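K.L.:
Sequence first, predicted model second:
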Amino acid sequence: MFKIGDCFYSLRFTNRVVEQLEAILGENVAVYFVGCGNTPTVKTLKLFGGFSLHDDTGVRVGYTMGSVLVEDLITEMSLSFVYTEIFNSLNRDYPFTSDAEYLYLVTEFEYFKAGKKTEKTNSIVDDVLSKYQKESGFAFFFVNLGCSLAEYNDFTHSELLFIRKAWEDKVVGDSNLLRDAVLNADVNANRGKKRFKKLWKKQPKVDSNIKGKKDIATRITELFGVSIL
């Protein structure tokens, strides 16, 4: 997030933004931006920044106003600053560096795998999916999560990958919970005089960042004389 004038903004390359940019550019957004090198033109930065600029509430600004604000940011900061912001935001939302490999690795399904295909059918399926990549991606989120097309387009590619993985974790977790509940009920039903076995056990509360929070509170007290501990 960065400040332009008196307001804060951020860059988000959602599916909708990427689709619009690729319609204008006629090629993959990452390929085009990286192809510009480390010194892209102001026009390119205004194009990418203008379409992806969102205000601090998450609402998209719109290209007309966004491009003007990006030009102001270039003047206020520098061309390299805006380039770095766009590069990092694009790589976060639509990974294209080595980060992409690790992102796909951590968000890949662990339990739900596609069935085996012959080399011929695999080639046909890949060819079809390459033509209907967006439609097949949306179908998954529509059927399993009830996501509308408008909602789908407002997510970034990275967000959709993590949501997809979280869905798998939830389905597997719910299935394991049902299994544990049935087994627990069976044990309790046949426990005789043994103590009732609870399904859930309370875990001790641990705040790994409690020291950091106390340090901040102490610093505020020292600076302003107001205790928040």
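P.N.:
Alright, I've got the coordinates.

K.L.:
what are the ranges of the helices in this protein?
P.N.:
Remark: helices assigned in the chain by DSSP state H are 15-25, 29-35, 42-52, 63-76, 79-93, 99-107, 119-131, 133-145, 149-153, 157-189, 210-224.

K.L.:
Can I get the ones you listed in a markdown table including mean pLDDT?
P.N.:
Compiled in a markdown table, the helices of the chain are given as follows (pLDDT from 0 to 100):
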| stretch | mean pLDDT |
| --- | --- |
| helix 15-25 | 93 |
| helix 29-35 | 89 |
| helix 42-52 | 95 |
| helix 63-76 | 94 |
| helix 79-93 | 92 |
| helix 99-107 | 77 |
| helix 119-131 | 58 |
| helix 133-145 | 86 |
| helix 149-153 | 90 |
| helix 157-189 | 90 |
| helix 210-224 | 63 |
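
K.L.:
Can you tell me which of those is nearest to residue 4?
P.N.:
The closest of the helices of the chain to residue 4 is helix 63-76. By Cβ to Cβ, the value is 5.1 Å. All C-beta spots, glycine's among them, are computed from the backbone N, C-alpha and C.

K.L.:
Return the distance of that closest one from the chain's centre.
P.N.:
25 Å (Cα atoms, centre = their mean, to the nearest Å).

K.L.:
which other residues reach that helix?
P.N.:
Here helix 63-76 makes contact (Cβ atoms under 8 Å, 6 or more residues apart in numbering) with 2, 4-5, 9, 42, 45-47, 49-53, 60-61, 81-82.

K.L.:
ok, now with 6 Å
P.N.:
4, 46, 49-51, 53, 82 (Cβ atoms under 6 Å, 6 or more residues apart in numbering).

K.L.:
Comparing the helices of the chain, which comes out most buried?
P.N.:
The highest mean neighbour count among the helices of the chain, using mean count of other Cβ atoms under 10 Å, belongs to helix 42-52: a mean of 21.

K.L.:
which one in the protein is furthest away from the centre?
P.N.:
If you look at how far each residue of the chain sits from its centre, by Cα atoms, centre = their mean, the farthest one is residue 193, at 51.4 Å.

K.L.:
What count of nearby residues applies to residue 147?
P.N.:
Burial measure for residue 147: 18 neighbouring residues, criterion other Cβ atoms under 10 Å.

K.L.:
ok, for it, nearest residue in space, not its chain neighbours?
P.N.:
residue 141 (3.9 Å; Cβ to Cβ, 6 or more residues apart in numbering).

K.L.:
Without its sequence neighbours, what residue ends up closest to the residue nearest to the spatial centre of the chain?
P.N.:
Centroid-nearest residue in the chain, with Cα atoms, centre = their mean: residue 159, separated by 2.3 Å. Closest residue to residue 159 apart from its sequence neighbours, by Cβ to Cβ, 6+ apart: residue 93 at 7.6 Å.

K.L.:
Spit out the contact partners of that neighbour.
P.N.:
Counting by Cβ under 6 Å, 6+ apart, residue 93 has contacts 13, 156, 158.

K.L.:
circling back: now the contacts of helix 63-76 as JSON lines including distance to residue 38?
P.N.:
Converted to JSON lines, the contacts of helix 63-76 look like this (distance: Cβ to Cβ, whole Å):
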{"residue": "4", "distance to residue 38": "23"}
{"residue": "46", "distance to residue 38": "17"}
{"residue": "49", "distance to residue 38": "16"}
{"residue": "50", "distance to residue 38": "20"}
{"residue": "51", "distance to residue 38": "21"}
{"residue": "53", "distance to residue 38": "22"}
{"residue": "82", "distance to residue 38": "12"}
